[in-house]
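Sequence first, predicted coordinates after that:
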Amino acid sequence: MNQQNKDALTIRDLTLYYGASRAVYDVNFVLKPLELGCLLGPSGCGKSTLLRAIAGFQPLTSGEIWLDGNLLTGPSVSVSAERRGVGMMFQDIALFPHLTVDQNIGFGLEDWPESKAEQRIHELLDLIGLHNLGSRYPHQLSGGQQQRVALARSMAPKPKLLLLDEPFSGLDTEMRGRLASEVRAILKSDGICSLLVTHDQREAFDFADRIAVMSDGCIRQFDTPFNLYHEPKSPFVAHFVGPGEMVDAKVSDPRSVLSPLGILTNDTDLGFETGSDVKIFLRPDDLVHDDDSSYTAILVEKHFRGAHHLYQVRLDNGVVLGCFAPSHHDHKIGERIGVSLDIEHLVVFPQ
Ligand code: ADP
């Protein structure tokens, strides 16, 4: 028994060059059984390269890939793509137009006994909510329905790991978010471990238990959506996973900083020397409109969001920050309003 047996997918010290050019390096992460993971990052950061390496389409320069305790790729080992037990669903869903929904889903089950295959197809039709559409052809389905059939087809042979390569990127924003959550629920109820590639932060948050944020060929942080948002480990991750601004501050004691909005105290030591200049990262949900606050700012922009307004306010030092206000507080652009910070955990970076 080795340590990888407890994990579904283990990537160890993975580095991959295309010729002389390094595409991915020093990648280490683990997905636990039933866990839904995500590779998130801007175009060209190496997400698809990593996914193709896991699928067995791309040889590694060095490192190891383990699945369910079996070494798939490593020094002198390379299990072929079709023998890995890894399923894939691509952006270009390419259902077979001349096959019905049932036949599309059953496409990878030709080696299964007929009754077992039929049972699996029905189970999947139920799971994707299309149980009475099995005899339709792809052109008789909506885009979202076709996407679900493509998902069912890739899940049908019960892969040990399902790789999803930007499967929602051809769809509009609202549909993307909805399908990412739906696919998450379907994979969870079928018990399939999966890894999604996307450049869209909201899609990643809707889908994954843990997300590897990548840039320039390596993983900057592998963490839960909550921690990436509230405890980013670098300015890159802080900016990539949601809106926010860097603000100058000075460390006033091991747990506190002096900011343009007063002294802010953290729940733990900040890890910076007292007196050092730092930057704090503030998200719109950290700053609230507060009539009783002694700190004020000028309202420079506002967006109605239903339950609340998203204001942009300019502090006296010129920094513009996002700020939430209840929607019945309808202030005018140019007005000076009270603001205060509501933060449990400070995000602090060196200057
Ligand atoms: P992403 O999926 O994040 O957009 P890719 O994995 O496609 O990124 O690409 C990572 C880097 O590797 C990029 O610099 C890209 O130009 C390069 N690259 C991708 N595929 C090849 C290839 N077949 N040959 C050479 N370079 C490649």
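That came in fine, so what should we check first?

Please count neighbours and contacts with C-alpha atoms only from this point.
Will do.

Checking my notes, Leu130 in a strand, right?
No: with DSSP: H, G, I helix; E, B strand; the rest coil as the criterion, Leu130 is coil rather than part of a strand.

Give me the phi and psi for it.
With angles defined as degrees, to the nearest 10, Leu130 sits at phi -120, psi 30.

And for Arg178?
Taking degrees, to the nearest 10 as the convention, Arg178 sits at phi -70, psi -50.

From His139, how far out is it?
Per CA to CA, to the nearest Å, Arg178 is found 21 Å from His139.

okay, these two: which has more neighbours?
Higher neighbour count among Arg178 and His139: Arg178, with 16 against 12, using other CA atoms under 10 Å.

Can you tell me the number of residues neighbouring the closest residue to Asp206 other than its chain neighbours?
Nearest in space to Asp206, with sequence neighbours left out and distances taken as CA to CA, 6 or more residues apart in numbering, is Ser181 at 5.2 Å. Look at Ser181: counted by other CA under 10 Å, it has 16 neighbours.

ok, now Lys302?
Look at Lys302: counted by other CA under 10 Å, it has 19 neighbours.

and if you look at Ser142?
Applying other CA under 10 Å, we find 10 other residues in the vicinity of Ser142.

any idea of the pLDDT on it?
At Ser142, the model reports a pLDDT of 89.

which stretches of this protein form helices?
47-55, 101-105, 114-127, 143-155, 173-190, 201-207, 225-230, 235-240 (DSSP state H).

okay if I get the ones you listed as a markdown table plus distance to the ligand?
Compiled in a markdown table, the helices of the chain are given as follows (distance: least, CA to the nearest ligand atom, whole Å):
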| stretch | distance to the ligand |
| --- | --- |
| helix 47-55 | 4 |
| helix 101-105 | 27 |
| helix 114-127 | 29 |
| helix 143-155 | 20 |
| helix 173-190 | 18 |
| helix 201-207 | 14 |
| helix 225-230 | 19 |
| helix 235-240 | 14 |
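
looking at these, which is buried most?
Compared across those, helix 101-105 shows the largest average neighbour count, a mean of 24 (mean count of other CA atoms under 10 Å).

as a whole number, average confidence for that helix?
Mean pLDDT, helix 101-105: 96.

Show me what it is packed against.
When contacts are defined as 3 or more CA pairs under 8 Å, 6 or more residues apart in numbering; DSSP states H and E, helix 101-105 packs onto helix 143-155.

Just put the helices of the chain in TSV and tack on distance to His331.
Shown next, in TSV, are these (distance: least, CA to CA, whole Å):
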stretch	distance to His331
helix 47-55	44
helix 101-105	54
helix 114-127	48
helix 143-155	41
helix 173-190	30
helix 201-207	29
helix 225-230	28
helix 235-240	28
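
Nearest to Ser135, out of those helices?
Of all the helices of the chain, helix 101-105 sits nearest to Ser135, with 6.0 Å by CA to CA.

So which residue is dead centre in this protein?
The C-alpha lying nearest the average C-alpha coordinate of the chain belongs to Ala204 (CA atoms, centre = their mean; 2.6 Å).

dump the residue contacts of that one.
Taking CA atoms under 8 Å, 6 or more residues apart in numbering, we find Ala204 in contact with Cys38, Leu40, Ala180, Leu196, Thr198, Ile211.

can you do 7 Å?
Contact analysis of Ala204 by CA atoms under 7 Å, 6 or more residues apart in numbering lists Cys38, Leu40, Thr198.

any idea how far the last one lies from Arg176?
Right, Thr198. Thr198 sits at a distance of 11 Å from Arg176 (criterion: CA to CA).

elements contacting the helix or strand bottoming out on mean pLDDT in the chain?
Least confident helix or strand of the chain, by mean pLDDT, DSSP states H and E, is helix 173-190 with a mean of 86. Contacts defined by 3 or more CA pairs under 7 Å, 6 or more residues apart in numbering; DSSP states H and E place helix 173-190 against helix 201-207.

Just the CA atoms of the helix it packs on, as PDB, please.
Provided in PDB are the C-alpha atoms of helix 201-207 (Å, rounded to 0.1, in the frame of the first residue of the first chain):
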ATOM      1  CA  GLN A 201     -14.000  32.300 -11.900                       C
ATOM      2  CA  ARG A 202     -17.800  32.100 -11.300                       C
ATOM      3  CA  GLU A 203     -18.000  28.800 -13.200                       C
ATOM      4  CA  ALA A 204     -15.200  27.500 -11.100                       C
ATOM      5  CA  PHE A 205     -16.900  28.600  -7.900                       C
ATOM      6  CA  ASP A 206     -20.200  27.100  -9.000                       C
ATOM      7  CA  PHE A 207     -18.600  23.700  -9.800                       C
END
